[in-house]
Each structure stands twice: as C-alpha cells, then as structure tokens.
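Asks: generate a structure from the sequence data that follows.
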Amino acid sequence: MSTKNATSLISLEEAQTNAWVCQIIAAAGVLGFLGNLLVCFVILRVRFLHNMTNYLLVNLAVADMLICLSAFFHYISASGRCTIINFVPASTLGRELFCRLVTSQSLIWAFSNAGANNLCVVTLERYIAIVHPLQYARRVTATKMKTLVALLWMLSVLLSLPFIFTISASDDPDKACSDITYPHPAFPVLLGVVMVSFTYILPVILMSLAYYKIQVTLKRQAKALNLQRAKAAAYDLVIARQHVISMLTIVLGTLIIFWTPDSICVILCLHPTSDSTLDFCDTESFKYISGITSFLLYLNSVVNPIIYELKYKKFRKGLRAVFCTCLDEHGGSNAVDAEMARR
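Replies: You can find the predicted model right below:
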C-alpha cells in the first residue's frame, strides 16, 4: 500500500471515529436536556415537592439543561472535530454571535459556573436549616433566595464574557470563525485562573466544608434523639434530612469526579502562547485528552437527574405521582413532607 493510500485510509478512519464520538455526544446532550426538563416538570407539578430545597434543585436543573443544550450545539457544529453539521451563518451578525457565544464556549462556561454556584445555594439552604435552624426563617426567605440566585446568574455571565473577545467571524465565506487569539499574552492565564477558581476550586471547598459540618450536626442530633428516646416523627425528620444530604453529597462527589480532569488540563496549560508551556499541551494527544475531559464536565449535567431518581425518595414518589394514575398527587405526603414543605 502506498504512503498516500495509507494516509487517506487513516484520515477516513479518523473521520469515522470523530463522527461516531459526535453522535454519542449529541445523544448525551438530548438525554441530559430531557432528563433535567423532567426534573423541573415533576418538582413544579407535584405539590408535596414544593419546598425551598426543591425549588433550588429546579434552578440547578435549569442550569444543567442549558449546559446540555449549549454543549450540544457546540460539539455538533463548532468544536472542530464534529462533522454532523457544517454550520456557517449567512449574515455577518449571525457569524459574530455564533462564534462569540457558541464556538468560544462562552455559554458553556457561563452555565457551568451557574450550575456550580446554584449547587452552592442548595448547600447553603440546607446548611442553615440543619446547623442553624433557629435562624432559618429570618435568613432563608423567598425574596432573599431569589435575589441571591439572580446575582449568581449575573456573576456567572460576567465571568464568561472575556471568552467572547477571543474569537470573531471569519472573512472566509466558507468558514464561520477565525482562529482563537488573545489580546494579551497574560489573558489566557488570568482567564484560566478565574474560571477554575470560581467554577471549581472555591465552590468545592466551600461545599465540602459545609457538608462536613452538616453531617456532624445530623449525627449529633440522631444520637441525642436516640438517647432521649424521642418520638418517631422527630427521628424520622433527621433520617429524611440525612437522605437529602446524602443525595446532595453524591451530586457534589460526581461534580468533583467529572470536573477535576478538565480543571487539571486547564491548570497545566494555562499559557498556550508561552515558551514555558508544557510541550505536551501542543500535541495531538493532548487535544484528544482535553476533548475527553471537556465531555466529562458536560456529562456531569447529564447524570444529575439519574442521581435524583436513584437517591432522592421524595422525587421518586413525585415521579410516580405524575406518571402513574393509580397514585393521588398528594400521595406519600406525611409529617416529614409537611415540615420539609415549610422549609
């Protein structure tokens, strides 16, 4: 076989592999979008799920849903490897919006940051309810939570805005976007440090400390109730809280597992324009590794609805209440549900 034929065969195999991978990514995006949409629908539809914790989970599901949607469009049309759609907007404005929002991954980073921040809000709400219950009514009000959530969404968008300045529309009519460039050599370093710090390191540290304190408090409460031989309803409340915290801890653990590889890649190659950058960062192998780690980050938003289904008993009841006509919408509610609804 000639060298030319061998090269053509390798290129064909690579194209087929890329197409296969892209189809998996696209399918994951659709499943993630539908799964998180289902979470929103069930919680908003079922009355006994109407409490502050679950409303904040809806907010988290919206962020995950938007991550899946934006990543879906990026990977099938703008990632550089996927060939499912060769999308080139006709108008100059369309190209600018496509390049600066989709190709630059500005939207993906904005929604990823929002997802991490919203998980922090869920953690904060549970922390106050369990560790400082007497302050809950004063600190956790609907108005305060709405304001906090809105501020975090705005902060997430602001932190991702620098990405829109790294790329623009191409002058080539057959090419949508220009190559990524940076206005200053220090720009990618600052951008990488800020995004990893606010999207990964800071939220993980704060939530880990909060869940440690929550677990210590719940164990102390359970031990005290057991010694006092308290009523079953009080003990059931502690157990119900432990189940919710267990589910949220798994969500946090999944985030750490899926986000750590991508954060390491970003940190290792903070300065792609510098001579001191690891040579590995410029290799084809690293591009594949980086693609895998980015997909894992995106996959985290796909698995969250699965965690809710497997580990959140009240959500499973809500799911059955929606899709099984044999159950009443209020079925499964009890004293614990009523207390959770108030909180």
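
Asks: now the strands for the chain?
Replies: With DSSP state E, there are no strands along the chain.

Asks: so in it, where's the weakest helix or strand by average pLDDT?
Replies: Sorting the helices and strands of the chain by mean pLDDT, DSSP states H and E puts helix 335-342 at the bottom, at a mean of 44.

Asks: distance of R139 from M145?
Replies: As judged by CB to CB, to the nearest Å, R139 and M145 stand 10 Å apart. To be clear about C-beta, it is placed using only N, CA and C from the backbone, and glycine gets the same treatment.

Asks: confidence score at the spatially closest residue to T199 that is not a sequence neighbour?
Replies: Once flanking residues are discounted, T199 sits nearest to N113: 4.7 Å by CB to CB, 6 or more residues apart in numbering. Note for N113: predicted pLDDT of 92.

Asks: got it, and L190?
Replies: So L190 comes in at 86 (pLDDT).

Asks: quick one: low-confidence ranges for the stretch 201-343 of the chain?
Replies: Within the stretch 201-343 of the chain, the ranges that satisfy pLDDT under 70 run 227-235, 271-279, 325-343.

Asks: circling back: dump the residue contacts of the residue nearest to T199.
Replies: N113 makes contact with L155, S156, L159, S160, M195, F198, T199, according to CB atoms under 8 Å, 6 or more residues apart in numbering.

Asks: sorry, back to before: more neighbours, R139 and M145?
Replies: Between R139 and M145, counted using other CB atoms under 10 Å, the more crowded position is M145 (18 against 14).

Asks: the closest residue to the more buried one other than its chain neighbours: neighbouring residues, count only.
Replies: For M145, ignoring the flanking residues on the chain, the nearest one in space by CB to CB, 6+ apart is M52 at 6.7 Å. Residues lying near M52 (other CB under 10 Å) number 20.

Asks: measure M52 to I257 for me?
Replies: Taking CB to CB, one finds M52 at 27 Å from I257.

Asks: so A71 makes contact with A26?
Replies: No - if you go by CB atoms under 8 Å, A71 and A26 don't touch, sitting 9.9 Å apart.

Asks: tell me which of these two has more neighbours.
Replies: Between A71 and A26, A71 has the larger neighbour count (other CB under 10 Å), namely 30 against 18.

Asks: gap between the more buried one and V238?
Replies: Per CB to CB, A71 is found 39 Å from V238.

Asks: start and end of stretch 193-212, how far apart?
Replies: Length of stretch 193-212, first residue to last, CA to CA, to the nearest Å: 26 Å.

Asks: and what of stretch 222-241?
Replies: With CA to CA, one end of stretch 222-241 sits 11 Å from the other.

Asks: residues near L101, how many?
Replies: L101: 21 surrounding residues under other CB under 10 Å.

Asks: for the residue nearest to it when sequence neighbours are not counted, give its distance to L69.
Replies: Excluding its sequence neighbours, the residue lying closest to L101 (CB to CB, 6+ apart) is L107, at 5.3 Å. Separation of L107 from L69 (CB to CB): 9 Å.

Asks: more crowded one of those two?
Replies: Legend: neighbour count by other CB under 10 Å for L107 and L69, higher for L107 (22 against 19).

Asks: pretty sure that one contacts R100?
Replies: No - with contacts counted by CB under 8 Å, L107 stays clear of R100, the gap being 9.7 Å.

Asks: filter the contacts of N113 down to the buried ones.
Replies: Buried residues within those, counting neighbours by 16 or more other CB atoms under 10 Å: S156, L159, S160, M195, F198, T199.

Asks: right, and the last one touches I108 too?
Replies: Just to be clear, that refers to T199. No - using CB under 8 Å, T199 is not in contact with I108, being 10.7 Å away.

Asks: who's in contact with the closest residue to A176 other than its chain neighbours?
Replies: Of all residues not flanking A176 in the chain, V88 sits nearest, at 4.6 Å (CB to CB, 6+ apart). Neighbouring residues of V88 by CB under 8 Å, 6+ apart: R95, P173, D174, K175, A176.
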